[in-house]
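Colleague: Structure, please.
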Amino acid sequence: MMRPSPIIRSAVVSDAPDIAKVHVLAWQSAYRGIMPDEFLDSLSVEQKTANWQRILSIDQGRYDVLVQDDSLAGFMVSGPARDPDLQSQSPVELVALYIAPEHWRKGFGAAFVERLIEASKNDGATQLVLWTATGNIRAIKFYERFGFVADSTERIVSRHCNAPLSEARYRLNL
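Modeller: Residues are numbered from 1 along each chain as shown. As a prediction, this is how the structure comes out:
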């Protein structure tokens, strides 16, 4: 018996607990060795749920979820690029893309990226941008498979884990 195809749909506020769970589990798996263990171990699904409820209530940007077998397996956030040097070009920014670790390597991340590329083209965008941790080789290789290329713009942020985290910007011409 074949499994039904995953469904990608717009997120709603009631998705917040499931998004929070995916967010925490994905960070704890993907960023182990990149972000401090103490920070990753302190992540709370309850706190993330409250944050996601607030974010989804504001309704700015595009929030999509992927559902497989009646279970939320991942989420993606996109919107207008936030970098001041890109404002005149009006690219779309892939802000976040997380898949629950038990669903990695099943094509769900690719389904999100393909959907975003198509929607961005339909909206008239000519470029996608994203930021990723320079140590996140899995993510970098994933995005490079779609043609994203580092544009030599890097930054150090600490908002995620209260420790310096190096990020690089990647672009994809549509």
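Colleague: where does the protein have low pLDDT?
Modeller: Within the chain, the segments meeting pLDDT under 70 span 1-4, 59.
Colleague: Show me where it has its helices.
Modeller: Applying DSSP state H to the chain gives helices spanning 16-30, 37-42, 45-58, 108-122, 137-145.
Colleague: in the shortest one, what's buried?
Modeller: Residues of helix 37-42 classed as buried under the neighbour-count rule (16 or more other Cβ atoms under 10 Å) are residue 40. From N, CA and C alone the C-beta is placed, and that goes for glycine too.
Colleague: Next: the fourth one.
Modeller: Residues of helix 108-122 classed as buried by neighbour count (16+ other Cβ under 10 Å): 108-109, 111-113, 116-117, 120.
Colleague: Let's have the residues you listed in CSV, adding distance to residue 137.
Modeller: CSV is the format used below for the buried residues of helix 108-122 (distance: Cβ to Cβ, whole Å):
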residue, distance to residue 137
108, 19
109, 15
111, 22
112, 19
113, 17
116, 22
117, 22
120, 25
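Colleague: right, and the pair among those residues with maximum separation?
Modeller: 108 and 120 (18.8 Å; Cβ to Cβ).
Colleague: Next up, the contacts around the residue lying closest to residue 103 once chain neighbours are set aside.
Modeller: In this structure, residue 103 finds its nearest non-sequential neighbour in residue 73, 4.4 Å apart by Cβ to Cβ, 6 or more residues apart in numbering. Contact partners of residue 73, counting by Cβ atoms under 8 Å, 6 or more residues apart in numbering, are 6, 22, 66-67, 99-100, 103, 108.
Colleague: now do 6 Å
Modeller: By Cβ atoms under 6 Å, 6 or more residues apart in numbering, the contact set of residue 73 is 66, 100, 103, 108.
Colleague: Also residue 101?
Modeller: Counting by Cβ under 6 Å, 6+ apart, the residues that residue 101 touches are 25, 29.
Colleague: just residue 173 next, same as before
Modeller: residue 127.
Colleague: what about it, distance to residue 120?
Modeller: According to Cβ to Cβ, to the nearest Å, residue 173 and residue 120 sit 11 Å apart.
Colleague: Can you list the neighbours in contact with stretch 153-166?
Modeller: Counting by Cβ under 6 Å, 6+ apart, 35-36, 39, 133-134, 167-169 sit against stretch 153-166.
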